[in-house]
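K.L.:
Quick one, what's the 3D model for this:
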Amino acid sequence: MNNVRPADRVSHIEEYYFSRKLKEVARLNAEGRNIISLAIGSPDMPPSGQTIAKLCEVARNPDAHGYQPTIGTPELREAMAGFYRKWYQVDLDPKSEIQPLIGSKEGILHVTLAFVNPGEKVLVPNPGYPTYTSLSKILGAKIVNYHLREDNGWQPDFEELEAMDLADVKLIWTNYPNMPTGGNASMETYERLVGFAKKHRIVVVNDNPYSLILNERPLSLLQVPGAKDCCIELNSMSKSFNMPGWRVGLCASNATFISWILKIKSNIDSGTFRGIQLAAAEAYNTNSPEWHHEYNVEVYKHRRRIAEKIMETLGCSFDTRQVGMFLWGKIPDCYGNVEELTERVLHKARVFITPGFIFGSNGNRYIRISLCAKNEKMEEALRRIEALEW
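P.N.:
Residues are numbered from 1 along each chain as shown. Got it, this is the predicted structure:
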């Protein structure tokens, strides 16, 4: 087997940062270090009681365990359309303008396969979600970064975009509310993105899983008139419904785009377990505004206050207007690079926080703190960091 070599694409990417780093954290924990992780955005709270009850109910049905349609059950598609009407005032045809996904990360793969030929270009934000880059590389697309900057509220610089060579660009990836920076969505940005897409015949794909977290005014790109003609929006139950391990997301757009994505998806997977689909529909239909306010605003509001104290103790500056389930902060000038800070915090204070460089070069002098830990854990992390000699 010494002559066996991996495909070339394997050499074009690295193991996902958290996959690699969590091995180190596991080793430290095995040594008794008791690391507190404030790194990953995996909600630590459960879904609603109705959601779990529906899953159990369906799982007990002996007829519920067969293959399911790749297009999703009618109940789930109707519930997803209802979610968009309720929160964004966007009307979607559940039969043709919505595609349930096994998480929105899967949607990044399907959309790229459906729209981008090898050698064609995609516009990827810097900083941005690493999967936009890694999957594009795996699939042979050429990545062209566009810059997001703090002094512009982490919004696209449209003058910079217009000055680029846009030949062969098929997609532009956007993500608002933004991860990792917490920059909020704005109708001005969305309107300009739709205009940019129509002018240059580029498809905008907006990744929108954070719009209900610490955010009193959730927005959707599809609220812009004509957006469905040239835009796709991904959404997910992972964050706002406390269901990251369930792997339920959605893709919304015009019927033609959805049909292309379904053609790809139907050749890759065989549909999600019926119990998960019907439980997800139950969550969409029954989780009240009060539930959302408690779990997506109040809980994270308390944790955010602790995260801000951690940032201040570390000497980092941050924008208090951020939304979402992370806090993004700029490190002091005294550090040569961000890992000088994050590695010291990991090994001396036993707290794992994320260095911003994993999101692109514009994150090189930033850190990200996750709010996905109980208050007691975050308070303990704060005490450990306060105890360090700076």
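
K.L.:
any chance you could map the strands in this structure?
P.N.:
Along the chain, counting by DSSP state E, strands occupy 36-37, 98-101, 121-126, 142-147, 169-175, 203-207, 231-236, 249-252, 317-318, 326-330, 351-352, 354-355, 366-370.

K.L.:
Of these, which is nearest Arg305?
P.N.:
strand 326-330 (10.1 Å; Cβ to Cβ). Just so you know, the C-beta spots here come from the backbone N, C-alpha and C atoms, and that holds for glycine as well.

K.L.:
Tell me which of the strands of the chain sits nearest to Leu55.
P.N.:
With Cβ to Cβ, the closest approach to Leu55 among the strands of the chain belongs to strand 98-101: 15.7 Å.

K.L.:
before we move on, the earlier item: Throw the strands of the chain into CSV and include distance to Val297 and mean neighbour count, thanks.
P.N.:
Shown next, in CSV, are the strands of the chain (distance: least, Cβ to Cβ, whole Å; neighbours: other Cβ atoms under 10 Å):
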stretch, distance to Val297, mean neighbour count
strand 36-37, 23, 20
strand 98-101, 26, 26
strand 121-126, 26, 22
strand 142-147, 31, 16
strand 169-175, 20, 23
strand 203-207, 21, 24
strand 231-236, 18, 26
strand 249-252, 22, 27
strand 317-318, 19, 16
strand 326-330, 15, 25
strand 351-352, 25, 23
strand 354-355, 23, 25
strand 366-370, 17, 26
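
K.L.:
how about those in a markdown table, adding mean pLDDT?
P.N.:
A markdown table is the format used below for the strands of the chain (pLDDT from 0 to 100):
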| stretch | mean pLDDT |
| --- | --- |
| strand 36-37 | 96 |
| strand 98-101 | 97 |
| strand 121-126 | 97 |
| strand 142-147 | 97 |
| strand 169-175 | 97 |
| strand 203-207 | 98 |
| strand 231-236 | 98 |
| strand 249-252 | 97 |
| strand 317-318 | 97 |
| strand 326-330 | 98 |
| strand 351-352 | 96 |
| strand 354-355 | 96 |
| strand 366-370 | 98 |
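
K.L.:
What's the separation between Glu340 and Trp291?
P.N.:
Using Cβ to Cβ, to the nearest Å, we find Glu340 at a distance of 42 Å from Trp291.

K.L.:
In the protein, what helix or strand scores lowest on average pLDDT?
P.N.:
Lowest by mean pLDDT, DSSP states H and E among the helices and strands of the chain is helix 8-11, with a mean of 82.
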